[in-house]
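compute the structure for the input listed below.
(4 chains)
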2 protein chains.
Amino acid sequence: MATSLTLPDLDPTSDRAVFRQIADHIRQAIERGQLREGDKVPSEAQLMQHYGVARMTIRHALQVLQSEGLTVAEHGRGVFVRSHPPMRRLASDRFARRHREQGKAAFIAETEDAGGKPSVDSIKIDEVKPPVEIAERLSLGPNDRVIARSRRYLINGQPVETAISYVPMEIAKDTKIMEPDSGPGGIYARIEEKGYRLDHFVEDIKCRMPLRDEARALKLAPGVPVFHLVRTAYAADGTPVEVCDTVMSGDAYVLSYELPAR
Amino acid sequence: MATSLTLPDLDPTSDRAVFRQIADHIRQAIERGQLREGDKVPSEAQLMQHYGVARMTIRHALQVLQSEGLTVAEHGRGVFVRSHPPMRRLASDRFARRHREQGKAAFIAETEDAGGKPSVDSIKIDEVKPPVEIAERLSLGPNDRVIARSRRYLINGQPVETAISYVPMEIAKDTKIMEPDSGPGGIYARIEEKGYRLDHFVEDIKCRMPLRDEARALKLAPGVPVFHLVRTAYAADGTPVEVCDTVMSGDAYVLSYELPAR
DNA sequence: CTGTAGTAGACGTATGTACGAGTTGAGGAG
DNA sequence: CTCCTCAACTCGTACATACGTCTACTACAG
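Reported below is the predicted structural model:
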């Protein structure tokens, strides 16, 4: 029952559009904690009654909030204040060799430590001609081919990240990199076994709205942006040996990096 | 004149909503390059005619695209394919001492190198009680006070970033940190002069939709997310000496970090 | 007690209408 | 030729209405 949420009335003297005023009221209620995560926003019918406006106007206001990522509408149930999933922190030492040597994939270990149930699905392995940006990063020629390993990561069944790793054929051939289970320590361990000692990674991060496919793959609510992270792994001699292209649900991650001041 | 953009017809057998089909058509035209940055999307009236649907349906489709950040509507002019500003790359060595010693602020130097006209405005300096998250990061007690330096960065007159630096009063007092012009090398140089040798920084990065104030301050188009970056500077003895809270236009930046593999 | 059908309530999609407000360009007044 | 007015076009806001679909709950039949 909508206990006691009291929304202000419209200000007829304001030149601010009615739907914006209504959106402002609800936004303020959320910011002030009068509406909390998971709470039901008054129904369209109730809001129509309260404000004495047409349904389209109410819907317009609600849509503003939804595109701001503040609320989610559930068909047949109502509009709810969005609850934010537990944030996953990615630390900049997550690819340190000491982690790799434990034999467990970083994602699995970290998620279990945080009390979540990790899973991985949609594993797909293809031999392809790499997209140009990938080929550039790997210093490959136009005819070189790569192994592309795609997968999707989930926590408690909720997808949080998709990733595609590209490894030059030259490096991947005759290794478990070409198999769904790449073995203990993951593909970085296999690359090192092949004689490439990993030296450092470079991560390029963008922030943008998801494409349609990405929104579907990550089951993103409207109004949730994504991190688009492209990581290149370099061997000690400076050779790029892998590029990993990942898209992460923006509301599920905090990225954390340590920079030297020297 | 709308030279020759030909949009498909609706698929009456599809159970995909009409406004989504229309949004799909226009999105595809953009993705295929039939509509390029800055191009005008056919007007609502033209689309109504083409598809034979009501105006609200067209507007709904256009709103989908706008919230995806693909288009911008300009009152009285039309709807246009969004043009993306030149991306600014932030490298992870941008706070290296060698840069600091040149005496020029990092933002100014980098922007000029890239051929842009940098500027900074809205500089404000206050002595305040820090927000709790900031106080935690600075290991301050509940009664400690800090100097908060706010400013906004612009490139070619277009705002791209707002930032607030928090420096403990203990460190800031009797230095140029309390003045609008903090002197050559910026506040990090002043902090080091005070005897704190900077050792490293930690940056925590989130990605989200802007708040109303942020959207206004950065003149963000609808559908553009922001980076929210909080950087903590640590002295050699592990003392946190500064926290910088910045919000960056998501479509103006690529963040780049180098991670060791050891 | 259980399962099912019905129903009320909630959001989703779509049509039609009306008027407001910013932009642009053409044509007329000076 | 220049300036101004005005019309046409564009998007913005708002109302009223209708029907579809999903959810949750109730009441009835078995």
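
which SS state does the residue in the stretch 1-150 of chain A that DNA strand D sits nearest to fall under?
The minimum distance from the stretch 1-150 of chain A to DNA strand D, using C-beta to the nearest atom of the strand, falls at A:G76 (2.4 Å). C-betas here are computed from N, CA, C, even on glycine. Secondary structure assignment for A:G76 (DSSP: H, G, I helix; E, B strand; the rest coil): coil.

got it, and A:M248?
When classified by three-state DSSP, A:M248 comes out as strand.

just to check, it is in contact with A:V160?
Yes: shown here, A:M248 and A:V160 form a contact pair, counting by C-beta atoms under 8 Å, at 6.6 Å.

look up how far chain B lies from the residue of the stretch 1-150 of chain A closest to DNA strand D.
17 Å (C-beta to the nearest C-beta, to the nearest Å).

again, but for A:A261
Distance, A:A261 to chain B, using C-beta to the nearest C-beta: 4 Å.

who in the stretch 51-200 of chain A is up against DNA strand C?
Residues of the stretch 51-200 of chain A found near DNA strand C (C-beta under 7 Å from any atom of the strand) are A:55-56, A:59, A:73-79.

now with 10 Å, please.
Neighbours of DNA strand C within the stretch 51-200 of chain A, by C-beta under 10 Å from any atom of the strand: A:54-56, A:58-59, A:62-63, A:66, A:71-80.

out of these, which are buried?
Neighbour-count burial (16 or more other C-beta atoms under 10 Å in any protein chain shown) applied to these gives A:58-59, A:62-63, A:66, A:71-73, A:79-80.

out of those, which sit inside helices?
Among these, the ones falling in helices (DSSP state H) are A:58-59, A:62-63, A:66.

farthest-separated two in those?
A:I58 and A:Q66 (12.5 Å; C-beta to C-beta).

quick one: A:A217 from B:D9, how far?
When distance is defined by C-beta to C-beta, to the nearest Å, A:A217 is 29 Å away from B:D9.

those two: which has the busier surroundings?
A:A217 (17 against 10; other C-beta atoms under 10 Å in any protein chain shown).

and the stretch 1-150 of chain A, which residues reach chain B?
Within the stretch 1-150 of chain A, the residues that sit near chain B (C-beta under 8 Å from any C-beta of the partner chain) are A:27, A:56, A:63, A:67-69, A:89, A:92-93, A:95-97.

inside helices: which ones of the residues you listed?
When DSSP H is applied, these are split such that A:27, A:56, A:63, A:67, A:97 fall in helices.

burial count for the first one?
So that's A:R27. Using other C-beta under 10 Å, A:R27 has 20 neighbouring residues.

mind listing what it touches?
A:65, A:68, A:70, B:212 (C-beta atoms under 8 Å, 6 or more residues apart in numbering or on different chains).

hang on, A:P260 packs against B:A96?
Yes: contact criterion C-beta under 8 Å: A:P260 and B:A96 qualify, at 7.4 Å.

tell me the pLDDT at A:A261?
pLDDT, A:A261: 85.

whoops, A:S43 was the one
So A:S43 comes in at 95 (pLDDT).

so it makes contact with A:G78?
Yes: assessed by C-beta under 8 Å, A:S43 is found in contact with A:G78 at 5.9 Å.

can you give me the helices for the stretch 51-200 of chain A?
With DSSP state H, counting those that start in this stretch as the definition, the stretch 51-200 of chain A shows helices at residue ranges A:55-67, A:97-100, A:106-113, A:132-137, A:169-172, A:186-193.

list just the one of these that sits closest to A:A233.
The nearest among the helices of the stretch 51-200 of chain A, by C-beta to C-beta, is helix A:186-193 at 6.9 Å.

who does the residue most central in space within chain A form a beta bridge with?
Centroid-nearest residue in chain A: A:S249, 1.6 Å away (criterion: C-alpha atoms, centre = their mean). A:S249 has these beta-bridge partners by DSSP bridges: A:V226.

got a list of what it touches?
A:85, A:159-161, A:218, A:220, A:224, A:226.

quick check: the two most widely separated of the ones in helices among the residues of the stretch 1-150 of chain A next to chain B?
A:M56 and A:R97 (59.0 Å).

OK, contacts around the nearest residue to A:E170 once chain neighbours are set aside?
Leaving aside its chain neighbours, A:E170 sits nearest to A:D144 (7.8 Å; criterion: C-beta to C-beta, 6 or more residues apart in numbering or on different chains). A:D144 makes contact with A:130, A:135, A:138, A:168-170, according to C-beta under 8 Å, 6+ apart.

just the buried ones from those residues?
The neighbour count (16+ other C-beta under 10 Å) marks A:130, A:135, A:138, A:168-169 as buried among those.

out of the ones in helices among the buried ones among the residues of the stretch 51-200 of chain A next to DNA strand C, which touch DNA strand D?
Subset of these in contact with DNA strand D: A:58-59, counting by C-beta under 10 Å from any atom of the strand.

Throw the ones in helices among the buried ones among the residues of the stretch 51-200 of chain A next to DNA strand C into a markdown table and include pLDDT, thanks.
Shown next, in a markdown table, are these (pLDDT from 0 to 100):
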| residue | pLDDT |
| --- | --- |
| A:I58 | 97 |
| A:R59 | 96 |
| A:L62 | 96 |
| A:Q63 | 94 |
| A:Q66 | 92 |
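
so which of the ones in helices among the buried ones among the residues of the stretch 51-200 of chain A next to DNA strand C comes closest to DNA strand C?
Checking those against DNA strand C with C-beta to the nearest atom of the strand, the nearest one is A:R59 at 6.2 Å.

what residues are up against A:T175?
Applying C-beta under 8 Å, 6+ apart to A:T175 gives the contacts A:190, A:193-194.

and the buried ones among these, selectable in ChimeraX?
Per 16+ other C-beta under 10 Å, the buried members of the contacts of A:T175 correspond to this ChimeraX selection:
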select /A:190,194
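
which among the contacts of A:T175 gets closest to B:P240?
Nearest member of the contacts of A:T175 to B:P240, counting by C-beta to C-beta, is A:R190, at 39.5 Å.

pretty sure the closest one is touching A:I177, no?
Yes: between A:R190 and A:I177 there is a contact under C-beta under 8 Å: 5.1 Å.

return the residues of chain A in contact with DNA strand D.
Residues of chain A lying near DNA strand D (C-beta under 10 Å from any atom of the strand): A:10, A:14-23, A:44, A:48, A:51-61, A:64, A:74-78.

what's the span of stretch A:71-91, first residue to last?
One end of stretch A:71-91 to the other measures 29 Å (C-alpha to C-alpha, to the nearest Å).

flag the shaky bits of chain A, pLDDT-wise.
A:1-4, A:99-104 (pLDDT under 70).

mind giving me the domain ranges of it?
Per the record, chain A has its domains at A:18-81, A:88-255, by automatic domain parsing.

with distance to B:D113 added, can I get those domains in a markdown table?
Shown next, in a markdown table, are these (distance: least, C-beta to C-beta, whole Å):
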| stretch | distance to B:D113 |
| --- | --- |
| domain A:18-81 | 35 |
| domain A:88-255 | 19 |
